[in-house]
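[1] Make a model of this:
(chains A and B)
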Protein chains: 2
Amino acid sequence: MTSKITTLSGMQCVVLGGGGFIGTNLCRALLTRGASVRGYSRSRTYPAALDGVIWTSGEFSDRTAIARALDGCDIVFHLLGGSIPDSSNKDPLGDLMSSAVPSLQLLEVCRAAKVRKILFVSSGGTVYGIPNAIPIPETAPTDPISAYGISKLAIEKYLALYHYLHGQDFCVLRVANPFGPYQSPDRRQGLIASLMHRISRGQPIEIWGDGQVVRDYIYIDDVIEALLAAVTYGGPHTLFNVGSGVGRSVLEVVRDVAEALGHPDVQRIHKPGRATDVPVSILDIARIEREVAWSPRTDWARALRLTADWIRTI
Amino acid sequence: MTSKITTLSGMQCVVLGGGGFIGTNLCRALLTRGASVRGYSRSRTYPAALDGVIWTSGEFSDRTAIARALDGCDIVFHLLGGSIPDSSNKDPLGDLMSSAVPSLQLLEVCRAAKVRKILFVSSGGTVYGIPNAIPIPETAPTDPISAYGISKLAIEKYLALYHYLHGQDFCVLRVANPFGPYQSPDRRQGLIASLMHRISRGQPIEIWGDGQVVRDYIYIDDVIEALLAAVTYGGPHTLFNVGSGVGRSVLEVVRDVAEALGHPDVQRIHKPGRATDVPVSILDIARIEREVAWSPRTDWARALRLTADWIRTI
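    Numbering: from 1, shown residues only, chains lettered A, B, ... in the order given. Below you'll find the predicted structure:
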């Protein structure tokens, strides 16, 4: 059933989670490539940005509505998630029921709809857990320290199972910490969006733990390029890390965001560290660079400036 | 919360899945070691074998009944599973709902009951999927080709998460293909039990595929010894393969079972192979041999004779 996809032009694409941060950017990019785009989420954070997208608002658990959204489509982008890492540990069962369970339902719907390819955005920051070595390759052990990460991992395994059993073509992208336009500063994910929002308004910022937690931040346009490249990729791999390959501490990010905004004086409130925070997470991106001829192209300072430009418009 | 357990005598043990094959043998062994034993399953295959066990019949999904069974207990053996590998692929969602979901509920119950240690019997034959190398060490990739294997893997990850977040002591045993007394020949798992039953009655046997599928068969008494040793093990590992470390093809097993029963003429019906059958699965047992000073002690021919002796009594 695996069929080579060579262009996005004229393709019927469905973006599940199209109303969120990655989803909004992805829908916009797909439209500019000439694809027909349907979006599906509970809600849209920036509805005006989704002009031209055929929209359905609905729950991930609503199998009938999802089936209707997928009818006749070629490519499904699965960006829907249940919770966030920290809250998932307060209710692991709730996370499983809102993430892995509807994802399995989705796989059945995709099978019935004869979807050509499923692209799943997994979590490069949580599936590995506390890494033995940095940077983390795709072959590293996967021992999540959050229920969120366990659900993402289970979904990856179900995708591989449906490929094995039914020939369903798919690709998993384990994305690091994306940032950029359309990342809402009001949600609890997204350090840079939150910092931009608060610093630009002269508000104090919260630092969890000692600020030495290191993450791999990647500009959203680069993530979207990786997703689009993965659609047409026809090689042997089905799993790729997507990150910058560079680690930055919270304190470095605070400094650089403040500089990008021209606000050198930032008031800091220190809070205790969180159990779900892996101390260091930097992805090894050699596989995707080699296989897909993709690389992160947006320079860090420029990416922060572009994000700062956007944050001033909202 | 991790506390060293040095003896089973006087321990309050709960065996979830106590009515099945491994469970029945485990309950009996625990009683002989002086433990107080409670059993919990939907049903008991051989109730007379469970004399002395405080019994509750119930569903795995019945959180209240499980909580009652666990009240005041020290050690929980989790042997409950949802389905079997082959049927799980016909209904992956059903498997998830009857395996990983109630296991997560169980973890919450164990936490509330302050259980000292949880021993989980995982599946050495399915969590690895198609192996890259034989024998398979615990560090091998885990890419199940059955929904059954994915659920088992998710449960392993949730156990590790509860240890990380709440200090819940646990140990996972990835058991190969166990056989021996109290394995019902009527269920769809257990090649040797099925062969023993049919051959001893002069009935034809079914061979799936070419009979070259290789598995690691281990006598039940050895599995039980590994489980008991894991209770008192206090070292750094939380995951062990439990197998014989030896691979045998279906055709070899048929030959040796026929010999053990003294029935050399076996009528064979050939059936198509199954998608869930990994071609070769042999576990690397170096870790448990080194860490727990456990080894499989029952010689293959003797194990078959003991099983044949038992099969004649039912």
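[2] The helix or strand encompassing A:Asp222: what's the following helix or strand?
    Per DSSP states H and E, A:Asp222 falls inside helix A:220-232. Scanning forward in sequence from helix A:220-232 by DSSP H and E, the next helix or strand is strand A:239-242.
[3] how distant is the helix or strand following that next one from the center of its chain?
    Elements were assigned by DSSP H and E; along the chain past strand A:239-242, the next helix or strand is strand A:248-249. On the basis of C-alpha atoms, centre = their mean, to the nearest Å, strand A:248-249 sits 19 Å off its chain's mean C-alpha point.
[4] Can you spell out which helices and strands pack onto strand A:248-249?
    strand A:214-215 (3 or more C-beta pairs under 8 Å, 6 or more residues apart in numbering or on different chains; DSSP states H and E). Glycine gets a C-beta too; all of them are placed from N, C-alpha and C.
[5] pLDDT score for the nearest residue to A:Ile130 once chain neighbours are set aside?
    Nearest residue to A:Ile130, sequence neighbours excluded (C-beta to C-beta, 6 or more residues apart in numbering or on different chains): A:Val278, at 5.4 Å. Reading off the confidence values, A:Val278 has pLDDT 80.
[6] Might one say that A:Val278 is in contact with A:Pro131?
    Yes. Assessed by C-beta atoms under 8 Å, A:Val278 is found in contact with A:Pro131 at 7.2 Å.
[7] contact partners of the helix holding A:Asp222?
    A:4-8, A:21-22, A:25-26, A:29-30, A:33, A:75, A:77, A:117, A:119, A:121, A:171, A:173, A:175, A:178-183, A:240, A:242, A:244, A:288, A:292-294, A:296-298 (C-beta atoms under 8 Å, 6 or more residues apart in numbering or on different chains).
[8] could you say what helices and strands the helix or strand of chain A with the lowest mean pLDDT packs with?
    Least confident helix or strand, chain A: helix A:85-88 with a mean of 83, by mean pLDDT, DSSP states H and E. Secondary-structure packing of helix A:85-88 (3+ C-beta pairs under 8 Å, 6+ apart): helix A:92-98, helix A:147-166.
[9] Surely A:Val53 is in contact with A:Ala29?
    No. At 11.5 Å, A:Val53 and A:Ala29 do not qualify as touching, with contact defined as C-beta under 8 Å.
[10] who has more neighbours, the two?
    Taking neighbours as other C-beta atoms under 10 Å in any protein chain shown, A:Val53 and A:Ala29 compare with A:Val53 leading, 24 against 19.
[11] got the contact list for the more buried one?
    Each residue near A:Val53 by C-beta under 8 Å, 6+ apart is listed here: A:15, A:18, A:27, A:31, A:37-39.
[12] repeat that for 10 Å
    A:13, A:15, A:18-19, A:23-24, A:27-28, A:30-31, A:36-40, A:44, A:47 (C-beta atoms under 10 Å, 6 or more residues apart in numbering or on different chains).
[13] and the residue of the stretch 201-314 of chain A at minimum distance from chain B, how many neighbours?
    Residue of the stretch 201-314 of chain A nearest chain B, by C-beta to the nearest C-beta: A:Ala275 (6.0 Å). Neighbourhood size, A:Ala275 [other C-beta under 10 Å]: 13.
[14] Does it touch B:Gly167 like I think?
    No. Counting by C-beta atoms under 10 Å, A:Ala275 stays clear of B:Gly167, with 11.5 Å between them.
[15] picking that back up, among the contacts of A:Val53, name the ones in helices.
    Among those, the ones falling in helices (DSSP state H) are A:23-24, A:27-28, A:30-31.
[16] which pair in the residues you listed spans the largest distance?
    A:Gly23 and A:Leu31 (12.7 Å; C-beta to C-beta).
[17] Looking at these two, which has the bigger crowd around it?
    Each of A:Gly23 and A:Leu31 has its neighbours counted (other C-beta under 10 Å); A:Gly23 has more, 25 against 17.
[18] Now do the same contact list for that one.
    Here A:Gly23 is in contact with A:15-17, A:39-41, A:44-45, A:50, A:53, A:77, A:79-80, A:121, A:182 (criterion: C-beta under 10 Å, 6+ apart).
[19] which among those gets closest to chain B?
    Among the contacts of A:Gly23, and counting by C-beta to the nearest C-beta, the member closest to chain B is A:Leu80, at 16.2 Å.
[20] any idea how far that closest one is from A:Ser151?
    From A:Leu80 across to A:Ser151, the span is 11 Å (C-beta to C-beta, to the nearest Å).
[21] ditto for A:Thr6
    For A:Thr6 relative to A:Ser151 (C-beta to C-beta), the value is 33 Å.
[22] Confirm for me that A:Trp208 is in contact with A:Arg274.
    Yes. Using C-beta under 10 Å as the test, A:Trp208 is close enough to A:Arg274 to be in contact (5.7 Å).
[23] Which residues are in contact with each of those two?
    Shared contacts of A:Trp208 and A:Arg274 (C-beta under 10 Å, 6+ apart): A:Asp86.
[24] so where's the stretch 1-150 of chain A shaky on pLDDT?
    Filtered on pLDDT under 70, the stretch 1-150 of chain A yields the residue ranges A:1-3, A:82.
[25] List, one by one, the residues from it near chain B.
    Counting by C-beta under 10 Å from any C-beta of the partner chain, the positions of the stretch 1-150 of chain A adjacent to chain B are A:88-97, A:100-105, A:107-108, A:127, A:129-130, A:139, A:141-147, A:149-150.
[26] what about 7 Å?
    A:89, A:92-93, A:96, A:100-101, A:104-105, A:143-145, A:147, A:150 (C-beta under 7 Å from any C-beta of the partner chain).
[27] what are the ranges of the strands in chain A?
    Ranges of strands in chain A, per DSSP state E, are A:12-16, A:36-41, A:54-57, A:75-78, A:117-123, A:169-175, A:177-179, A:205-208, A:214-215, A:217-219, A:239-242, A:248-249, A:268-271.
[28] Tabulate those (CSV), appending distance to B:Ile84 and mean neighbour count.
    CSV is the format used below for those (distance: least, C-beta to C-beta, whole Å; neighbours: other C-beta atoms under 10 Å in any protein chain shown):
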stretch, distance to B:Ile84, mean neighbour count
strand A:12-16, 32, 26
strand A:36-41, 35, 25
strand A:54-57, 38, 15
strand A:75-78, 28, 25
strand A:117-123, 27, 24
strand A:169-175, 26, 24
strand A:177-179, 41, 25
strand A:205-208, 45, 16
strand A:214-215, 42, 22
strand A:217-219, 42, 25
strand A:239-242, 28, 25
strand A:248-249, 48, 18
strand A:268-271, 48, 10
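[29] Next, format these as a markdown table and append distance to B:Leu191.
    Formatted as a markdown table, these follow (distance: least, C-beta to C-beta, whole Å):
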| stretch | distance to B:Leu191 |
| --- | --- |
| strand A:12-16 | 42 |
| strand A:36-41 | 46 |
| strand A:54-57 | 49 |
| strand A:75-78 | 38 |
| strand A:117-123 | 35 |
| strand A:169-175 | 33 |
| strand A:177-179 | 48 |
| strand A:205-208 | 53 |
| strand A:214-215 | 49 |
| strand A:217-219 | 49 |
| strand A:239-242 | 33 |
| strand A:248-249 | 55 |
| strand A:268-271 | 57 |
